[in-house]
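K.L.:
Okay, predicted coordinates and the sequence, questions at the end:
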Amino acid sequence: MFIDTIKHISRRGSIIAINQLSVLIAIPILAARLDLEVFGQVAIGFLLVQLSWVVSDWGIQHFSIEEWGKKVKQKEKNLFTASVICLNFLISLVCLLGIFLLTYFQVIDFSYFYFMCLIPSIIMGGSYPLWFFQVNKSPQDMILPTFLSRIIFICIIYFCVLSNDSSYIAFLAQGVNLSLITLYSFYRLKTYYNFNWPAINFWEVLLIGKKSRPFLINAITNNQANTLWGFGLSIIGGPASMAIYNLGDQIYRAGGAITNIVAQSIRIHFIGKSLYELKFTITFFTLLFFIITVSVCLITRHIIEVFFTNNYLPAIPVIQIMICAWGVHAIVKLFNYPILAASHGATWVNKITKYFLFIHFLMFFLWFMIYGEVLSMSIMFLLVIILQLIIFIYHSFKIFRPN
């Protein structure tokens, strides 16, 4: 099972690694060619897209793992797949409406023109059925298309985003990338997986939305809490603060995407297995995450000094704190569904996770009241994750203590 898990992680992880590496390549290019304020607005745009993707997914990444095995007939699988795609698409439209209202009422410092450029990314990214290839244990189907589309993304940014006046092209490049990969995934569904679009029952779509909602809360808390903090910062701190926070956030997000795959792959391959069969796998990845955290923290200053201007030197401690937050959160995810859902049930895990989401909001409110700086916000974010890890370890210890 450990070897099968590693293979699955390497396949789906390749997709995530390609996506995140392309973003990490694009960020220094944009930071070098755009003013700090404009780069901050681009960072706000990318964050809004990311937040929209999280909401549009609606917890399906984890929910589908628990539900897919219950679908035996091809007709049932087709109905479930089509219903999920419809749900994701409809929610992406709601997200677009929300961003428009935030822009219209000037809650965020973001232009209408930038908003228009975000539309393709939000709709196509929100509709991308990567979860389907995950539950079918065939994420390798999307590796080459992802690689080619991301090459196009980087080329557009490198050759077309030359100054503040062309900053909007960064959003269009993202839209082109997501359109290519999403359209290909639909082609793949129909051609290789016998997917035929059935008659959609609107109530079935709503039912899936209701069932998967607790998984959304868990996904936001364990995978995207940083995006919520960044969204709050974009409202309070504005573009300049977002430009600094964005560097740490992008690294946290890139690493978090990989650790999501690790946790999901472990759950897929060990579901129904004894908890004691998990011990080696959990220990292996815990040590790996610790080593990566320490190593990246040590080289952070050198990377910023080489690839960024002096305007971004204040981001160094922020990045280091966010890397530590990533390391702690990576371990939290190993305890989340792989251990605690196996022992207590997914419903129990989703229920307890709601309290941590409340704590995130509470800590952000406390930070808002004192409104220090981006660094203090990052520290408070880290403290919440440490608290979550302590509680998860406590509950896990109770499981293994009798033996």
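P.N.:
On my side now, so go ahead.

K.L.:
alpha carbons only for contacts and neighbour counts from here, please
P.N.:
OK.

K.L.:
Only the buried residues of the strand or helix carrying Ile303, if you could.
P.N.:
Assigned by DSSP states H and E, Ile303 falls within helix 279-307. Across helix 279-307, burial judged by 16 or more other Cα atoms under 10 Å covers 281-282, 285-286, 289-290, 293, 296-297, 300-301, 304.

K.L.:
what are the ranges of the helices in the stretch 101-250 of the chain?
P.N.:
112-127, 130-135, 143-160, 169-192, 202-223, 225-236, 238-270 (DSSP state H, counting those that start in this stretch).

K.L.:
can you give me how far the third one is from the chain middle?
P.N.:
Distance of helix 143-160 from its chain centroid, counting by Cα atoms, centre = their mean, to the nearest Å, is 20 Å.

K.L.:
same question, the longest one
P.N.:
Distance of helix 238-270 from the chain centroid (Cα atoms, centre = their mean) equals 6 Å.

K.L.:
helices and strands around it, which ones?
P.N.:
If you count contacts as 3 or more Cα pairs under 8 Å, 6 or more residues apart in numbering; DSSP states H and E, helix 238-270 packs onto helix 2-33, helix 36-57, helix 202-223, helix 225-236, helix 315-335, helix 374-400.

K.L.:
can you rerun that using 7 Å?
P.N.:
helix 2-33, helix 36-57, helix 225-236, helix 315-335 (3 or more Cα pairs under 7 Å, 6 or more residues apart in numbering; DSSP states H and E).

K.L.:
Using PDB, write down the CA coordinates of the shortest one.
P.N.:
Looking back up the chat, that one is helix 225-236. Only the C-alpha atoms of helix 225-236 are listed here, as PDB (Å, rounded to 0.1, in the frame of the first residue of the first chain):
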ATOM      1  CA  ALA A 225      -7.200  29.100   5.500                       C
ATOM      2  CA  ASN A 226      -4.200  31.200   4.300                       C
ATOM      3  CA  THR A 227      -6.400  32.400   1.400                       C
ATOM      4  CA  LEU A 228      -9.000  33.600   3.900                       C
ATOM      5  CA  TRP A 229      -6.300  35.500   5.800                       C
ATOM      6  CA  GLY A 230      -5.000  36.900   2.500                       C
ATOM      7  CA  PHE A 231      -8.500  38.000   1.500                       C
ATOM      8  CA  GLY A 232      -8.900  39.900   4.800                       C
ATOM      9  CA  LEU A 233      -5.500  41.500   4.300                       C
ATOM     10  CA  SER A 234      -6.500  42.600   0.800                       C
ATOM     11  CA  ILE A 235      -9.400  44.500   2.300                       C
ATOM     12  CA  ILE A 236      -7.600  46.000   5.300                       C
END
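
K.L.:
shaky segments in the chain?
P.N.:
Applying pLDDT under 70 to the chain flags residues 1-13, 269-275, 371-372, 398-403.

K.L.:
rerun at 50
P.N.:
Residues of the chain that meet the criterion pLDDT under 50 lie in 402-403.

K.L.:
Of all the helices of the stretch 101-250 of the chain, which one is nearest Ile390?
P.N.:
Among the helices of the stretch 101-250 of the chain, helix 202-223 comes nearest to Ile390, with 14.2 Å by Cα to Cα.

K.L.:
Need the contact partners of that closest one.
P.N.:
58-60, 62-63, 83-84, 87, 256, 333, 350, 353-354, 356-357 (Cα atoms under 7 Å, 6 or more residues apart in numbering).

K.L.:
Same question for stretch 294-304.
P.N.:
By Cα under 7 Å, 6+ apart, stretch 294-304 touches 313, 316, 320, 323.

K.L.:
Most neighbours among those residues, please name it.
P.N.:
For the contacts of stretch 294-304, the largest number of neighbours (other Cα atoms under 10 Å) sits with Ile323, at 27 neighbours.

K.L.:
Could you count how many residues lie near Trp203?
P.N.:
10.

K.L.:
heads up, I number from 206, so please use that
P.N.:
I'll keep to 206 as the first residue from here, and by that count the last item is Trp408.

K.L.:
hang on, the earlier thing: and of the helices and strands packed on helix 443-475, who's closest to Leu377?
P.N.:
That would be, of these and by Cα to Cα, helix 241-262, which comes in at 11.3 Å.

K.L.:
Contacts for that closest one next, please.
P.N.:
235-236, 293, 296-297, 300, 315, 326-327, 330-331, 369, 432, 439, 444-445, 447-448, 451.

K.L.:
Restricted to buried residues, select the residues you listed in PyMOL.
P.N.:
In PyMOL, this line selects whichever of the contacts of helix 241-262 come out buried by 16+ other Cα under 10 Å:
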select buried, resi 235+236+293+296+297+300+315+326+327+330+331+432+439+444+445+447+448+451
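
K.L.:
which among the contacts of helix 407-428 gets closest to Ile304?
P.N.:
Nearest to Ile304 among the contacts of helix 407-428, with distances taken as Cα to Cα, is Trp263, at 17.4 Å.

K.L.:
That closest one: neighbour count?
P.N.:
28.

K.L.:
Could you find the closest non-adjacent residue to it?
P.N.:
In this structure, Trp263 finds its nearest non-sequential neighbour in Leu421, 4.9 Å apart by Cα to Cα, 6 or more residues apart in numbering.

K.L.:
wait, isn't Val537 in contact with Leu594?
P.N.:
Yes - the pair Val537 / Leu594 is scored as a contact, 5.3 Å apart, by Cα atoms under 7 Å.

K.L.:
Compare the two and say which is more crowded by neighbours.
P.N.:
Val537 (23 against 20).

K.L.:
ok now do the more buried one, which residues does it touch?
P.N.:
Here Val537 is in contact with Leu594 (Cα under 7 Å, 6+ apart).
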